[in-house]
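Student: quick one, structure for this:
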Amino acid sequence: MNYYETPTTATTGADQSHCGTLTSTGLGGNTPAVGTGAWSIVSGGTGTFTAPTSGNSNFVANSYATYVLRWTISNGTCATSSDDITINFYQTPTTATVGSTQNLCGTLESGVLGGNTPTSGTGAWSIVSGGTGTFSNSASGSSTFEADAYGTYVLRWTISNGICTPSTADVTVNYYESTVASDAGVAQNLCDVTTTTLAGNDPTPGTGLWTLVSGPNTLRSHHRRHTTQR
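Tutor: Numbers count the residues shown, from 1 in each chain. Model prediction:
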């Protein structure tokens with residue numbers, strides 16, 4: 001007759017998360033005082049244990065995924081004791097890219113921002129600077145952006161995956177308000193003078209600048225210029 005002692009209660013180490021590698025660190029299974037231990041895969045895919053009967057074995061996964069691994073201690077006909085550990089293997093996120101700078105006039109709606117579609121990880125748009133606004137789809141690289149006011153905006157496309165360092169790329173969108181119609185004032189007829197004040201209207205928004213279209217080269221003109229930040 002065989003008398004088997006109850007096997008040691010199985011324990012494992014803390015759950016693990018790894019980026020850019022398919023190899024875990026030591027799994028932290030305890031060494032049984034009674035019985036023998038063995039590792040098995042509960043879920044996640046396929047892979048290999050470097051030492052399948054050692055509690056502190058490493059695990060090499062065949063693909064990036066979340067794996068549940070089991071350390072089981074057995075002794076004869078006794079009920080086994082087991083404990084599970086979860087290992088997350090994250091692939092390095094795709095390098096983020098965006099479209100070129102956009103310069104827009106008289107509209108607060110951008111064109112497609114041109115973020116790339118990640119093959120690893122997920123993407124999200126955010127505002128770096130410039131003010132507030134709304135993305136048509138903050139999780140799509142081909143989103144557009146509607147600004148709440150005219151100005152220069154820097155928008156960021158971030159691709160993330162688990163614990164990995166995210167990859168980012170920025171695109172600048174300049175929203176220019178339409179300028180007012182120019183008004184140079186009434187015609188002036190002058191006698192024996194070489195200077196006068198011109199009556200051009202102040203541009204709001206934009207900037208104004210006088211240029212000589214025709215006439216003697218000795219004619220002098222006063223520049224009237226006004227700048228509005230928009």
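Student: neighbours around residue 50, how many?
Tutor: If you count neighbours by other C-beta atoms under 10 Å, residue 50 ends up with 15. Where you see a C-beta, it was placed from the backbone N, CA and C, and this is true even at glycine.
Student: try residue 134
Tutor: 12.
Student: which strands border whichever strand or helix holds it, and is each parallel or antiparallel?
Tutor: Element membership of residue 134, judged by DSSP states H and E, is strand 133-135. Sheet pairing here is set by DSSP bridges, and for strand 133-135 it gives strand 145-147 (antiparallel).
Student: what about the strand it pairs with, distance to the chain center?
Tutor: Distance of strand 145-147 from the chain centroid (C-alpha atoms, centre = their mean, to the nearest Å) equals 18 Å.
Student: if you average pLDDT over the strand holding residue 134, what comes out?
Tutor: Confidence for strand 133-135, expressed as mean pLDDT, is 98.
Student: then stretch 31-47?
Tutor: The model assigns stretch 31-47 a mean pLDDT of 98.
Student: now do it: everything it contacts.
Tutor: Residues from elsewhere that reach stretch 31-47, judged by C-beta atoms under 8 Å, 6 or more residues apart in numbering: 5-8, 10, 22, 27, 29-30, 49, 52-55, 57, 59-63, 65-75, 78, 81, 84, 87.
Student: mind doing that once more with 6 Å?
Tutor: Stretch 31-47 is contacted from outside by 5, 7-8, 29, 49, 52-53, 55, 57, 59-63, 65-68, 70-75, using C-beta atoms under 6 Å, 6 or more residues apart in numbering.
Student: in that stretch, what counts as buried?
Tutor: Buried residues in stretch 31-47, counting neighbours by 16 or more other C-beta atoms under 10 Å, are found at 32, 35, 37, 38, 39, 41, 44, 47.
Student: and which of these is nearest residue 113?
Tutor: Closest to residue 113 out of the buried residues of stretch 31-47 is residue 44 (35.5 Å), distances taken as C-beta to C-beta.
Student: what bridges to the closest residue to that closest one other than its chain neighbours?
Tutor: What sits nearest to residue 44 in space, not counting adjacent residues and going by C-beta to C-beta, 6 or more residues apart in numbering, is residue 67, at 3.2 Å. Counting by DSSP bridges, residue 67 forms beta bridges with residue 87.
Student: just residue 39 next, same as before
Tutor: Beta bridges link residue 39 to residue 71 when assigned by DSSP bridges.
Student: returning to that earlier point: list the ones among the contacts of stretch 31-47 that fall in helices.
Tutor: Residues of those located in helices (DSSP state H): none.
Student: now, of those, which are buried?
Tutor: By 16+ other C-beta under 10 Å, those give 7-8, 29, 49, 55, 57, 59, 61, 65-67, 70-75 as buried.
Student: stretch 76-89: which residues count as buried?
Tutor: Within stretch 76-89, the residues that count as buried by 16+ other C-beta under 10 Å are 81, 82, 83, 85, 86, 87, 88, 89.
Student: could I get those as JSON lines with distance to residue 128 and pLDDT?
Tutor: Output for these, formatted as JSON lines (distance: C-beta to C-beta, whole Å; pLDDT from 0 to 100):
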{"residue": "81", "distance to residue 128": "53", "pLDDT": "98"}
{"residue": "82", "distance to residue 128": "49", "pLDDT": "98"}
{"residue": "83", "distance to residue 128": "46", "pLDDT": "98"}
{"residue": "85", "distance to residue 128": "39", "pLDDT": "98"}
{"residue": "86", "distance to residue 128": "35", "pLDDT": "98"}
{"residue": "87", "distance to residue 128": "35", "pLDDT": "98"}
{"residue": "88", "distance to residue 128": "29", "pLDDT": "98"}
{"residue": "89", "distance to residue 128": "31", "pLDDT": "98"}
